[in-house]
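*Asks:* Okay, sequence plus prediction incoming.
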Amino acid sequence: MRDMLEPIHWPINWQQFHFLRPAVLYLFIPLLLIILILIIGNREPQQWKQLISPVLRPYLFSPGSSRAMWWPLFFFALGITLAIIGIAGPAWHRTVIPGQKVQAVVLVAMDLSASMDATDIPPSRLERAKLKLCDFLDAHPGAKAGMIAYAGTPHLVMPFTTDYSLIKLQAGALRTNEMPVPGNNTPLLMKYIDTLMNPVLAPSNVLLLTDEVSAADAALFTNYVNSSIHHLEILLMSSPAGAKVPGFPQAISRQDEGVLQSLAASPGIRVNRLTLDTTDAGSIAKRIREHLIFEKDTRTDEKAWDDMGYLVIIPVGLLVLLWFRKGWTIQWCFLPLSLLLTSCSVNSREADWWYTKDYQGQVLYKEKAYAQASERFSDLTHKAAAAYKAGDYEAAAALYALDSSAAGQYNRGLALAKLGRYDEAMNAFTDAVSLDPALKGKAGNSISKVSKQKMQVDSIVKLDQPDKKVKEDKKNGPLKERKLKPGDPGLSADTKVKDMPETGDRMTDEVKSNIHQAQEGQSGEAGKDTSNNNNTMKNIILRRPPADPGEFLHKRFELQRKRDYQQVKPGTQRW
């Protein structure tokens with residue numbers, strides 16, 4: 001009772017008082033008709049008394065008073081009146097929307113200036129930065145991660161994703177010579193970071209992998225964190241002694257300790273020292289993982305109002321109890337309502353009158369109508385389970401992604417496995433174990449099963465690609481195709497072997513049209529059952545990545561420079 005009365009806003013603001021469903025007030029018209037019928041019906045015994053002898057009246061009519069009729073009628077009218085007002089939805093206060101939970105992200109910025117090729121940290125600063133990035137992702141920060149590379153211009157390498165393996169793949173191909181503009185343009189970098197992080201509603205982190213921070217850079221970093229909700233993590237990839245920059249004999253890259261001390265004074269910036277083990281990257285991942293979910297401030301909805309109709313539930317319930325008393329029962333007045341109760345199943349049009357969406361979905365789920373159940377459920381967990389049962393794995397994976405619990409991540413992994421996205425599925429299983437160690441055995445079995453499916457798919461893809469040597473043999477072999485020449489004899493099914501051309505080449509005649517000649521396909525082995533591979537083949541997406549991902553990134557960066565940074569020129573410091 002106390003919890004029910006707490007959200008009531010007293011006193012009532014009569015200036016804003018209104019009904020959310022004013023059309024319900026028209027029910028007062030049939031209520032007045034019912035009361036009129038009851039009053040008229042009560043006069044009928046009086047008319048019979050005029051026709052019956054006074055001697056017989058005591059035996060035919062029970063004694064009573066006028067209150068026997070008026071009190072039941074009064075409480076009936078009062079109860080129905082309160083019920084109509086409650087259904088109409090009285091409201092006088094706007095709805096307060098609770099804070100929305102949003103998830104943080106992490107943006108990795110990799111420095112690809114020439115100084116990152118220095119070897120004071122073996123094998124080089126850049127290669128060590130790649131290893132540290134892998135350590136950071138292996139520590140499972142839990143947030144979606146994106147990646148940019150920068151030198152004279154910043155460029156997007158990977159958008160925000162939960163598939164850390166893709167980020168590792170792209171990071172492994174990064175080299176300093178891939179950047180279209182040399183140097184280090186920190187103002188342009190911070191502008192690009194702000195563009196990517198501005199739409200993110202939750203306080204998130206930017207992980208900067210660099211070898212040197214100048215005083216001007218430190219001022220830009222401080223201004224950014226002071227004007228933003230996000231934080232900056234810097235992992236310094238250089239030794240205290242510094243090193244010569246390859247290709248620039250006179251240049252020495254060394255970090256100024258005074259700049260680091262000024263950065264440490266900013267609460268939104270954290271400078272991390274390089275360690276030989278994974279402590280540095282692991283601590284960053286732990287801090288991000290501990291602050292994944294944030295809640296936005298509550299706000300008042302200008303369109304929605306608090307429905308206070310539930311306040312009449314208690315008085316109406318007490319009045320309904322009186323209808324079961326002898327002499328107070330009013331049954332026949334509800335006969336017109338029976339026409340509206342022709343069907344109240346979950347499949348009827350009026351199902352929302354009687355059942356909640358989750359109850360309807362539960363009934364349909366038990367009837368194995370999973371697709372319909374998924375549409376009815378309002379609870380995301382049940383909706384995802386129904387979508388999975390219905391075979392809509394895309395929807396199931398998307399819904400389970402909204403569930404940050406261990407069970408939600410595990411079920412997401414099952415849906416991703418059905419879609420053939422095996423790497424993402426294994427990551428989801430791993431995340432589930434990190435959230436709930438009790439799932440270690442179950443998730444381990446699932447990871448093993450998904451790994452075997454992935455190996456099977458990879459083997460099929462490998463067998464499906466034609467061997468290069470076979471291609472060369474077909475191209476240079478004795479049955480190499482050539483066009484028909486004027487001096488060649490005509491060939492047919494009756495041509496004898498001795499009349500075949502001495503060159504041994506097979507002659508073909510090309511039809512004069514715009515349609516290219518079809519390549520002969522290889523027929524499958526007769527009688528071989530391929531039904532076992534049907535489900536696997538459905539999940540295979542044949543892709544041919546470039547032989548050198550770094551060359552692909554270089555070309556993409558060059559196109560982005562021509563499109564977005566036409567006015568940017570190399571600075572005086574090219575390292």
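*Replies:* Looks like it arrived, so ask away.
*Asks:* Domain map for this protein?
*Replies:* Here the domain parsing of the chain from automatic domain parsing is 2-94+309-332, 101-295, 354-463.
*Asks:* By mean pLDDT, show me the worst of those domains.
*Replies:* Lowest mean pLDDT within the domains of the chain: domain 2-94+309-332, at a mean of 75.
*Asks:* sorry, back to before: mean neighbour count and distance to E551 added to the domains of the chain, as TSV?
*Replies:* (C-beta placed from N, C-alpha, C; glycine too.) Compiled in TSV, those are given as follows (neighbours: other CB atoms under 10 Å; distance: least, CB to CB, whole Å):
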stretch	mean neighbour count	distance to E551
domain 2-94+309-332	12	58
domain 101-295	18	8
domain 354-463	18	23
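*Asks:* Between those, which one is closest to E558.
*Replies:* Nearest to E558, of all the domains of the chain, is domain 101-295, at 4.8 Å by CB to CB.
*Asks:* can you give me the offset of that closest one from its chain's centre?
*Replies:* 26 Å (CA atoms, centre = their mean, to the nearest Å).
*Asks:* Over to stretch 367-387?
*Replies:* 17 Å.
*Asks:* Out of the domains of the chain, which gets nearest to L559?
*Replies:* domain 101-295 (9.1 Å).
*Asks:* could you pull out the strands for the stretch 151-300 of the chain?
*Replies:* In the stretch 151-300 of the chain, the strands defined using DSSP state E, counting those that start in this stretch lie at 154-161, 205-210, 231-236, 243-245, 248-253, 269-272, 293-295, 299-305.
*Asks:* now the ones you listed in JSON lines, with distance to M197?
*Replies:* JSON lines is the format used below for those (distance: least, CB to CB, whole Å):
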{"stretch": "strand 154-161", "distance to M197": "10"}
{"stretch": "strand 205-210", "distance to M197": "7"}
{"stretch": "strand 231-236", "distance to M197": "10"}
{"stretch": "strand 243-245", "distance to M197": "30"}
{"stretch": "strand 248-253", "distance to M197": "27"}
{"stretch": "strand 269-272", "distance to M197": "15"}
{"stretch": "strand 293-295", "distance to M197": "14"}
{"stretch": "strand 299-305", "distance to M197": "22"}
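*Asks:* Of those strands, which is nearest N198?
*Replies:* Closest among the strands of the stretch 151-300 of the chain, using CB to CB: strand 205-210, at 12.1 Å.
*Asks:* Show residues contacting that closest one.
*Replies:* 104, 106-111, 116, 129, 132-133, 136, 143, 193, 197, 230-237, 284, 287-288 (CB atoms under 8 Å, 6 or more residues apart in numbering).
*Asks:* hang on, the earlier thing: nearest approach to Q360 belongs to which of the strands of the stretch 151-300 of the chain?
*Replies:* Here strand 299-305 is closest among these (CB to CB), at 23.6 Å.
*Asks:* what helices or strands is the helix or strand following the closest one leaning on?
*Replies:* Of the helices and strands lying after strand 299-305 in sequence (DSSP states H and E), the nearest is helix 313-322. On a contact count with 3 or more CB pairs under 8 Å, 6 or more residues apart in numbering; DSSP states H and E, helix 313-322 meets helix 67-88.
*Asks:* and the angle for the helix it packs on with helix 313-322?
*Replies:* 150 degrees (axes from the mean of the first three to the mean of the last three CA atoms, to 10 degrees).
*Asks:* Ok, which of the strands of the stretch 151-300 of the chain comes nearest I52?
*Replies:* Comparing those by CB to CB, strand 299-305 comes nearest, at 58.5 Å.
*Asks:* and that closest one, average pLDDT?
*Replies:* If you average the pLDDT values across strand 299-305, you get 61.
*Asks:* What residues does the residue nearest to D217 when sequence neighbours are not counted make contact with?
*Replies:* Excluding its sequence neighbours, the residue lying closest to D217 (CB to CB, 6 or more residues apart in numbering) is T186, at 4.7 Å. With contacts defined as CB under 8 Å, 6+ apart, T186 is in contact with 214, 216-217, 220.
*Asks:* ok, now how distant is T186 from S227?
*Replies:* 16 Å (CB to CB, to the nearest Å).
*Asks:* a markdown table for the domains of the chain, including distance to V346?
*Replies:* Conversion of the domains of the chain to a markdown table gives the following (distance: least, CB to CB, whole Å):
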| stretch | distance to V346 |
| --- | --- |
| domain 2-94+309-332 | 22 |
| domain 101-295 | 31 |
| domain 354-463 | 4 |
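*Asks:* closest one to S345 among the ones you listed?
*Replies:* Per CB to CB, nearest to S345 of the domains of the chain: domain 354-463, 8.5 Å.
*Asks:* can you pull out the helices in the stretch 301-450 of the chain?
*Replies:* 313-322, 351-354, 357-366, 370-376, 380-389, 393-400, 406-418, 422-435, 440-464 (DSSP state H, counting those that start in this stretch).
*Asks:* Those helices: which one's closest to G242?
*Replies:* Here helix 422-435 is closest among the helices of the stretch 301-450 of the chain (CB to CB), at 38.3 Å.
*Asks:* how far off helix 440-464 does that closest one point, in degrees?
*Replies:* 170 degrees.
*Asks:* Surely R289 and P141 touch.
*Replies:* Yes. Taking CB atoms under 8 Å as the definition, R289 is a contact partner of P141 at 5.4 Å.
*Asks:* Now do stretch 238-255: everything it contacts.
*Replies:* 114-115, 117-121, 125, 211-213, 236, 257, 274, 574-575.
*Asks:* Now the terminal residues of that stretch, how far apart.
*Replies:* Start and end residues of stretch 238-255 are separated by 7 Å (CA to CA, to the nearest Å).
*Asks:* With stretch 207-214 instead?
*Replies:* Start-to-end, stretch 207-214 (CA to CA) is 17 Å.
*Asks:* what residues are up against L263?
*Replies:* 213, 218, 221-222, 234, 269, 271.
*Asks:* List just the nearest of those residues to I35.
*Replies:* The closest of these, once distances to I35 are taken by CB to CB, is I269, at 75.3 Å.
*Asks:* Tell me who's in contact with the closest one.
*Replies:* Taking CB under 8 Å, 6+ apart as the test, what I269 contacts is 221-222, 225, 231-232, 234, 263.
*Asks:* do T161 as well
*Replies:* With CB under 8 Å, 6+ apart, T161 has these contacts: 144-146, 167.
*Asks:* Of all the strands of the stretch 151-300 of the chain, which one is nearest Y59?
*Replies:* strand 299-305 (60.1 Å).
*Asks:* thinking again about what came up before, quick one, which of the domains of the chain is nearest to Q566?
*Replies:* Closest among the domains of the chain, using CB to CB: domain 101-295, at 10.5 Å.
*Asks:* Check the secondary structure at M147 for me.
*Replies:* In three-state terms, and counting by DSSP: H, G, I helix; E, B strand; the rest coil, M147 is strand.
*Asks:* could you check the distance from it over to A171?
*Replies:* M147 is 7 Å from A171, by CB to CB.
*Asks:* intersection of neighbour lists for these two?
*Replies:* By CB under 8 Å, 6+ apart, the residues touching both M147 and A171 are 110, 157.
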